[in-house]
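K.L.:
Predicted model and sequence follow; I will ask about them next.
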Amino acid sequence: MMHRRHFLIYAALWFAGTTSLTRASIIRDRMPWAPYPSSAPRFERPGPWQFFTADEASAIEAIADRIIPPDPQTPGGKDAGCAVFIDRQLKGPYGSRAGLYNLGPHVKGTKEQGAQSAQTPAELYRKGLANLDRHCATSFDGKKFTQLSADQQDDVLKKIEAGEIKFHGVDAQGFFDALLKDVPEGFFSDPIHGGNHNMVGWSMIGFPGIRYDYRDWVHRHNERYPYPPVSIAGRADWIPHPT
Amino acid sequence: MARKLPAKDVVIVGLGWTGSIMAYELADAGLDVVAIERGPWRNTATDYPPNYAADELRYRIRHELFLRPEQTTFTFRNKMAQTALPIRSWGAFMPPNGVGGGGVHWNAETWRFLPSDFVLRSHLIERYGAGFLPDDMTIQDWGVTYDELEPHYDRFEYLCGTSGQAGNLKGQIVEGGNPFEGPRSRPYPNPPQDQPFGHTLFAKAARELGYKPFPQPSGNMSRAYQNPLGVRLGPCTYCGFCEWFGCGNYAKATPQTTILPALLRKPNFSARDNSEVTRINVDASGKRATGVTFVDTDGNEWEQPADLVILSAYTIFNVQLLLLSQIGKPYDPDANSGVIGRNFTHQTISDVTSFFDPEKFIFNPFIASGAIGTCIDEFNGDNFDHGPHGFVGGGYMGQVQTNGRPIETTPVPPGTPRWGAQWKKAVKENYQSALKPGTGVHGSMYSYRDVYMDLDPTYKDRFGRPLARITMDFHDNEIKQNAFLTDKFAAIFQAMGARQVVKEYRKAPYDVTKYQTTHLCGGAIMGSDPNTSALNRYLQIWDVPNLFVMGASAFPQNAGYNPTGTLAALAYWSADAIRTKYLKSPGHLIDA
């Protein structure tokens, strides 16, 4: 008779982006409780590329700086760490479509039915970047995207956006749509994910991050919130310096 | 071959709001109850503690707390002539998973439907004549009235500690509340939440235009609260991470923060998590449910026999399980016969984004809660004369902005490039001075003959079972309704002093990639005629009297409000009928 009265034990696992990785269990008598149960986030730090090759990473950094160019007040996509963010995302569950419905048949439908392609974001980026350099080599005398001027880079990206440049084995506009989603996500997501370095994206707009308690300010109408942003990882100036 | 477990008095399929309510009520009546939940146990400490609950990427963009489509999804098409294709990642709605269900990551808007909503068909025909309704519209009366549900609405609001301002106390209209609401027997248990700047500006402009604005009823606590079961909630901190997120503050009414702690203390209740019910079993007569079959995470198949089966999963899964278990006659839109899958609906949402002068307006959009909001109800249900307008239905509208999370809520004026220096500048300039309510116009969606659910002929879930197939499109009535409401809504933002007001009308075709709400309704509807409803007025399946089906799948059509208050009231209503009528004499509560 299988009547295990075992209590829920939560392995504090962070596995392939999945939390609450539990087996079927029986809950009774009280709220399940275990010490230190939380599926804490993983902290992405700068360092070696995990998905991109060095060339691919340079191209993504250049693209990130065109999508979000630097200005005198705020760094651009490159210095904000958007390429690091995308690199870590592509290496993780997002890159492989983990958790999505991937069974066939894969049939192209209407726009209202949503994307049906089996292609993963990892494949989309790999092929998209290869196509980008191939296009630039043909159109700009053997140069890579990173070797073009900013204006030339903008021009290439605008043509991809407009569907005027076709890629092989990958939808060029689909690739650009992914960039337009992923680069700003890197600029605005919590710095623990590798982008939004020093919370520059949040500082630019005045978003205070995860302060989580505004009871002191909800009544203060039309007054600018005065405190700087806080990340899940805290703030750089909170970390003690070695003496 | 399924291994058989010892029989229980009651088996409950799905431990969200309605499953928790039913489990509590039936365990309280002394029955031996087991709940079986497809997803994991969830709580604040494990899944969304305050030190990292506010992670927009993890929860909002990557959908941490929701069902994963690889577990199961649905196929979708607009028209019956099309081939349905699978929803491979979520868009228009967000199916829940795990203990607490959608109650974990909802915004906690806790509305009641209008008295006329429950007698919709007869009310509209009486006022406008049968010819006023489109031929293919299949709206029905519910078989239950507002007055019958009132005590049950009240119970849910006091369970949740709903923060709000009564507008109609026992027939007396109360200043500052919603004057259109049905009479309530007592005030909300908690005062309304504090309203940020944009919300108060909306109230002022609405009042000047002759409307009667009121604070949205909210399951985010305006103060600490202890509910009648002795469970305590903390005050909401207006953190701006509510819908799509779990609450790190124990300040949002969820099954975990209101009812599960009391339920789990009952020795005659237990739950199984990470266990998916694959079938409701019936005996050879087909008229009696004998229990359910479920599969655990090791792939073991179990049979749980029970005298009473409560189906309380999400709308689509309720309907899918009935179809897969061959209970009730499947709906056939060609023949206009059968009931399972019939009168399936969603919602008609639109929004208005308003840009104000950055030199004069600082909204601090990140100061918000899930159900904060200032609303008007002049254009909901049949609160206004539809005669001149040529449509029926409506919705509430309001400044109900829930967040200023920067991936999702960085609006830029139309004409701004999608990227580059100009885009960056526009994001920076407008973040603090734009208002984007999100689900600003919360319109009804009425039911039609060709909007329904059945089983897909091609696509399967991981167990090889057919996916549920959705056939859904917007009809002219809803499109007209939305244009009318969106224009009225935009006029309020104009009056607030916006320098640019951008209307985002809801248009056909229905798009399964564009988020509206998770308020899918119908498919196993209640009513008074077994030929056009799956359930009687007590949510009892007409054909199988020891099977009750909870949730919004019982709604014959969707009203212009969020559904949770009503589906919870229906669960209490049904539980009351089981306790006071069914248990004394198990069998049909209504003779078909």
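P.N.:
Alright, I've got the coordinates. Just so you know, these numbers come straight off a predicted model, no measurement behind them. Numbers count the residues shown, from 1 in each chain, chains lettered A, B, ... in the order given.

K.L.:
Any idea how many residues pack against residue 138?
P.N.:
You didn't pick a chain, so chain A it is. A count of neighbours around A:Thr138, defined by other Cβ atoms under 10 Å in any protein chain shown, yields 9. (Each C-beta comes from the backbone N, C-alpha and C, glycine too.)

K.L.:
oops, chain B please
P.N.:
For B:Thr138, using other Cβ under 10 Å, the count is 24.

K.L.:
The residue nearest to it when sequence neighbours are not counted: what's it in contact with?
P.N.:
Nearest residue to B:Thr138, sequence neighbours excluded (Cβ to Cβ, 6 or more residues apart in numbering or on different chains): B:Ser447, at 4.7 Å. By Cβ atoms under 8 Å, 6 or more residues apart in numbering or on different chains, the contact set of B:Ser447 is B:Met137, B:Thr138, B:Ile139, B:Gln140, B:Arg342, B:Asn343, B:Phe344, B:Thr345, B:Gly522, B:Pro556, B:Gln557.

K.L.:
now the strands: where do they sit in chain A?
P.N.:
A:25-28 (DSSP state E).

K.L.:
In it, where's the longest helix?
P.N.:
Identified as the longest helix of chain A according to DSSP state H is helix A:121-139.

K.L.:
List the buried residues for that helix?
P.N.:
Residues of helix A:121-139 classed as buried: A:121-133, A:135-136 (neighbour count, 16 or more other Cβ atoms under 10 Å in any protein chain shown).

K.L.:
and of the residues you listed, the nearest to chain B?
P.N.:
A:Pro121 (11.2 Å; Cβ to the nearest Cβ).

K.L.:
who's in contact with the closest one?
P.N.:
When contacts are counted by Cβ under 8 Å, 6+ apart, A:Pro121 touches A:Gln89, A:Leu90, A:Tyr94, A:Gly95, A:Ser96, A:Arg97, A:Ala178.

K.L.:
any idea what sits nearest the last one, other than its immediate chain neighbours?
P.N.:
Distances taken as Cβ to Cβ, 6+ apart put A:Leu124 closest to A:Ala178, at 5.8 Å, once the chain neighbours are dropped.

K.L.:
I figured the one you found hits A:Phe176, correct?
P.N.:
No: if you go by Cβ atoms under 8 Å, A:Leu124 and A:Phe176 don't touch, sitting 10.4 Å apart.

K.L.:
from the chain's centre, how far out does the helix or strand of chain A with the lowest mean pLDDT sit?
P.N.:
Every helix and strand of chain A was ranked by mean pLDDT, DSSP states H and E. The lowest is strand A:25-28, at a mean of 92. Taking the mean of its C-alpha atoms, strand A:25-28 sits 36 Å from the chain's own mean (Cα atoms, centre = their mean, to the nearest Å).

K.L.:
same question, stretch B:376-391
P.N.:
On Cα atoms, centre = their mean, the centre of stretch B:376-391 falls 22 Å from that of its chain.

K.L.:
before we move on, what about stretch B:74-88?
P.N.:
So, by Cα atoms, centre = their mean, the centroid of stretch B:74-88 is 22 Å from its chain's centroid.

K.L.:
Quick check: buried residues in that stretch?
P.N.:
For stretch B:74-88, the neighbour count (16+ other Cβ under 10 Å) marks B:Phe74, B:Thr75, B:Phe76, B:Arg77, B:Asn78, B:Ala84, B:Leu85, B:Pro86, B:Ile87, B:Arg88 as buried.

K.L.:
contacts with chain A among the residues you listed, please.
P.N.:
Applying Cβ under 8 Å from any Cβ of the partner chain to the buried residues of stretch B:74-88, one finds that B:Phe76, B:Arg77, B:Asn78, B:Ala84, B:Leu85, B:Pro86, B:Ile87, B:Arg88 fall near chain A.

K.L.:
just checking, next helix/strand downstream of the strand ranked longest in chain B?
P.N.:
Using DSSP E to define each element, chain B has its longest strand at strand B:301-311. From strand B:301-311 onward toward the C-terminus, using DSSP states H and E, the following helix or strand is helix B:315-324.

K.L.:
tell me what that next one is packed against?
P.N.:
strand B:276-282, strand B:301-311, strand B:452-460, strand B:466-471, strand B:521-523 (3 or more Cβ pairs under 8 Å, 6 or more residues apart in numbering or on different chains; DSSP states H and E).

K.L.:
now for those, which one comes closest to B:Tyr225?
P.N.:
strand B:301-311 (27.9 Å; Cβ to Cβ).

K.L.:
Could you check the angle that closest one makes with helix B:315-324?
P.N.:
120 degrees (axes from the mean of the first three to the mean of the last three Cα atoms, to 10 degrees).

K.L.:
Show me what strand B:301-311 is packed against.
P.N.:
So strand B:301-311, by 3+ Cβ pairs under 8 Å, 6+ apart, packs with strand B:3-4, strand B:8-13, helix B:17-28, strand B:33-36, strand B:276-282, strand B:289-295, helix B:315-324, strand B:547-549.

K.L.:
and if we set it to 7 Å?
P.N.:
Contact here means 3 or more Cβ pairs under 7 Å, 6 or more residues apart in numbering or on different chains; DSSP states H and E; on that basis strand B:301-311 packs against strand B:3-4, strand B:8-13, strand B:289-295, strand B:547-549.

K.L.:
Show the model's pLDDT score for the residue nearest to A:Ala178.
P.N.:
Looking at A:Leu124, its pLDDT reads 98.

K.L.:
check contacts around it.
P.N.:
With contact set as Cβ atoms under 7 Å, 6 or more residues apart in numbering or on different chains, A:Leu124 has these partners: A:Val170, A:Gly174, A:Phe175, A:Ala178.

K.L.:
Now for the second one: which residues touch it?
P.N.:
I take that to be A:Gly174. A:Leu124.

K.L.:
Would you quantify the distance from B:Tyr396 to chain A?
P.N.:
From B:Tyr396 over to chain A the distance is 22 Å, taken as Cβ to the nearest Cβ, to the nearest Å.

K.L.:
Make sure that residue is indeed in a helix.
P.N.:
No: going by DSSP: H, G, I helix; E, B strand; the rest coil, the assignment for B:Tyr396 is strand, not a helix.

K.L.:
Give me the neighbour count for it.
P.N.:
30.

K.L.:
Wait, it touches B:Ala559, no?
P.N.:
No: using Cβ atoms under 7 Å as the test, B:Tyr396 is too far from B:Ala559 to be in contact (9.8 Å).

K.L.:
those helices in the stretch 1-150 of chain B, which residues are they?
P.N.:
B:17-28, B:44-47, B:120-128, B:146-160 (DSSP state H, counting those that start in this stretch).

K.L.:
before we move on, what about chain A?
P.N.:
A:54-67, A:82-91, A:121-139, A:150-161, A:172-188, A:200-205.

K.L.:
still on that earlier bit, of all the buried residues of stretch B:74-88, which comes closest to B:Arg279?
P.N.:
For the buried residues of stretch B:74-88, the nearest to B:Arg279 is B:Phe74 (18.4 Å; Cβ to Cβ).
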